[in-house]
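Chemist: Next one to model:
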Amino acid sequence: MKRALPDADTVKSAIDTVLEEAFASGRRPTVTAIERRLGIPHATFHRHYAGLIDTHFRPRIPAARAETHTDRPKADETKEENLRRLRKGRTPTCA
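Modeler: Sure thing, here's the model as predicted:
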């Protein structure tokens, strides 16, 4: 016996809940979280609700923040800092 699939309003409600929880926790919302909330396997969810994902879910996800060169330390600075830290903690092994 097959289980009845939820209607579009139920799926939209699950999407809204997943989005709210993700934003509250600072994490990115995922389609997998929606599928788990509804108890629907991925292939079934994609087959029946791909349109809702494209129209109701994806447009509401903020774009990933682009990392700029000022956000990252330069490779040489990081390397030198690591070497300096490692040398500082090393004790002589020969007496």
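Chemist: Could you report the distance from Ala63 to Arg28?
Modeler: 11 Å (CB to CB, to the nearest Å). Using the backbone N, CA and C atoms, a C-beta is placed for each residue, glycine as well.
Chemist: Those two: which has the busier surroundings?
Modeler: Arg28 (11 against 5; other CB atoms under 10 Å).
Chemist: Is the more buried one in a helix, a strand, or coil?
Modeler: coil (DSSP: H, G, I helix; E, B strand; the rest coil).
Chemist: wait, what's in contact with the residue nearest in space to the middle of the chain?
Modeler: In the chain, the residue lying closest to the centroid (CA atoms, centre = their mean) is Arg28, at 3.8 Å. Contact analysis of Arg28 by CB atoms under 8 Å, 6 or more residues apart in numbering lists Ala22, Ile61.
Chemist: how about the helices in the protein?
Modeler: 8-25, 31-38, 42-52, 75-89 (DSSP state H).
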